[in-house]
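# below are the sequence and a predicted model; questions follow.
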Amino acid sequence: AEEATGIRRRLADAHPDAYLPHLAASLSNLSAVLSELGRRDQALIPAEEATGIRRRLADAHPDAYLPHLAESLNNLSTFLSGLGRRDQALAPAEEATGIYRRLAETHPDAYLPNLAASLNNLSIFLSGLGRRDQALAPAEEATRIRRRLADANPDAYLPHLAGSLNNLGTVLSELGRRDQALALSEEAVTIRRRLADAHPDAYLPHLARSLWAYGWVCVKVKANFAEALESVTEAISLYAPLAEHLPGVFAGPMFSACRTLADVLDGLGRTGEAADWRRQLDEAAGGGPDTG
């Protein structure tokens, strides 16, 4: 990815009209690779450069380059949020959503999936900023779109539906809508368990995420603590080998799942075990990562 970016940068310096779009694509790919390796600080720099290039291209040729600009804006917002800069992540997420909405109005088959992804991201960022009432509408719209897409093409869109169900369940739990939150979180686990049974390498990390999310929702709505204990314990068992192999990617989610386990133990009245668990986590992680 770095070599391709270097080659295309030299080409774009010599022939910008021909090669700037390719340079932006390479920068976007490089940022994704760096992010997957847990190198988020480094991923942000090419993501910002790709967005800047694509904005200039879209200003000159919107029909050709607006979809690429929206893609870069979504990536940029994700990287900013991952670095804890949630307030800065919101503006590119809102802009990407607006672009994809316009594109989906004229070309729904091509851009409805992108609109759903943007809405889902926007909801997550709004919720992270404490704007939960505003987070609900995009979360619901993303789920509706992805459910329709999954009904028509389950192989392609069930994984994305599960992600939106998780997010909507989380938002509803924060708004105190217990029964809906639990049902959606359970549905996400069911979908991801089926996917992980068929393709474990691809979907076990997502199953772990949904199992943890279900436990988190149970804690938030103060219900189903016995089921939450089983769910979060399984999530941790799935995260452990992943975190050992790719700590930059999975150590944070595993730490968060462990924190949720302590909350579940509190809910079960096992406060001594919960306190011991938290103490061990604090000693191991020096206070731990941002669990947002």
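Right, received. Where do you want to start? Numbers count the residues shown, from 1 in each chain.
# helices or strands up against the helix or strand in which residue 111 is found?
Using DSSP states H and E, residue 111 falls within helix 108-128. Contact analysis of helix 108-128 by 3 or more CB pairs under 8 Å, 6 or more residues apart in numbering; DSSP states H and E lists helix 62-82, helix 86-106, helix 132-152, helix 154-174 as its packing neighbours. Heads up, the C-betas are built off the backbone N, CA and C, glycines and all.
# between helix 86-106 and it, find me the angle.
Relative orientation of helix 108-128 and helix 86-106, computed by axes from the mean of the first three to the mean of the last three CA atoms, to 10 degrees: 160 degrees.
# before we move on, back to that, okay, the helices and strands packed on helix 108-128 in a markdown table with mean pLDDT, mean neighbour count and distance to residue 204 next?
Below are those laid out as a markdown table (pLDDT from 0 to 100; neighbours: other CB atoms under 10 Å; distance: least, CB to CB, whole Å):
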| stretch | mean pLDDT | mean neighbour count | distance to residue 204 |
| --- | --- | --- | --- |
| helix 62-82 | 94 | 22 | 21 |
| helix 86-106 | 95 | 19 | 28 |
| helix 132-152 | 97 | 19 | 20 |
| helix 154-174 | 96 | 22 | 12 |
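# what's the closest of the ones you listed to residue 227?
helix 154-174 (14.1 Å; CB to CB).
# and the host helix or strand of residue 218, which residues are buried?
Using DSSP H and E, residue 218 sits in helix 200-221. For helix 200-221, a neighbour-count test (16 or more other CB atoms under 10 Å) marks 203-221 as buried.
# then that helix to CSV, C-alphas only?
Listed next in CSV are the C-alpha coordinates belonging to helix 200-221 (Å, rounded to 0.1, in the frame of the first residue of the first chain):
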residue,chain,number,x,y,z
PRO,A,200,-15.8,-18.4,11.5
ASP,A,201,-12.7,-16.5,10.3
ALA,A,202,-14.7,-13.7,8.8
TYR,A,203,-17.5,-13.4,11.4
LEU,A,204,-16.3,-14.5,14.9
PRO,A,205,-15.0,-11.0,15.7
HIS,A,206,-18.5,-9.7,14.8
LEU,A,207,-20.2,-12.3,16.9
ALA,A,208,-18.0,-11.3,19.8
ARG,A,209,-19.1,-7.7,19.4
SER,A,210,-22.8,-8.6,19.3
LEU,A,211,-22.4,-10.9,22.4
TRP,A,212,-20.8,-8.1,24.3
ALA,A,213,-23.3,-5.6,23.1
TYR,A,214,-26.2,-7.8,24.3
GLY,A,215,-24.6,-7.9,27.7
TRP,A,216,-24.1,-4.2,27.7
VAL,A,217,-27.8,-3.6,26.8
CYS,A,218,-28.8,-5.9,29.6
VAL,A,219,-26.8,-3.9,32.1
LYS,A,220,-28.2,-0.6,30.8
VAL,A,221,-31.8,-1.8,31.1
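# who are the packing partners of that helix?
Partner elements for helix 200-221 (3+ CB pairs under 8 Å, 6+ apart): helix 154-174, helix 178-198, helix 225-245, helix 247-267.
# buried residues of stretch 17-33, list them for me.
Neighbour-count burial for stretch 17-33 [16+ other CB under 10 Å]: 19-28, 30-32.
# in those, find the pair that's most separated.
19 and 32 (19.9 Å).
# what's the neighbour count on the spatially closest residue to residue 248 that is not a sequence neighbour?
In space, and not counting its chain neighbours, residue 248 is closest to residue 38: 1.8 Å by CB to CB, 6 or more residues apart in numbering. Look at residue 38: counted by other CB atoms under 10 Å, it has 17 neighbours.
# in terms of helices and strands, where is residue 38?
Per DSSP H and E, there is no helix or strand for residue 38.
# is it correct that it is in contact with residue 245?
No: counting by CB atoms under 8 Å, residue 245 is not a contact partner of residue 38; they are 11.3 Å apart.
# leaving out chain neighbours, which residue sits closest to residue 168?
Residue 168's closest residue in space is residue 139 (CB to CB, 6+ apart), at 4.4 Å.
# give me the pLDDT for residue 252.
Model confidence at residue 252, expressed as pLDDT, equals 90.
# how distant is the helix holding residue 218 from the center of its chain?
Chain-centre distance of helix 200-221: 13 Å, with CA atoms, centre = their mean, to the nearest Å.
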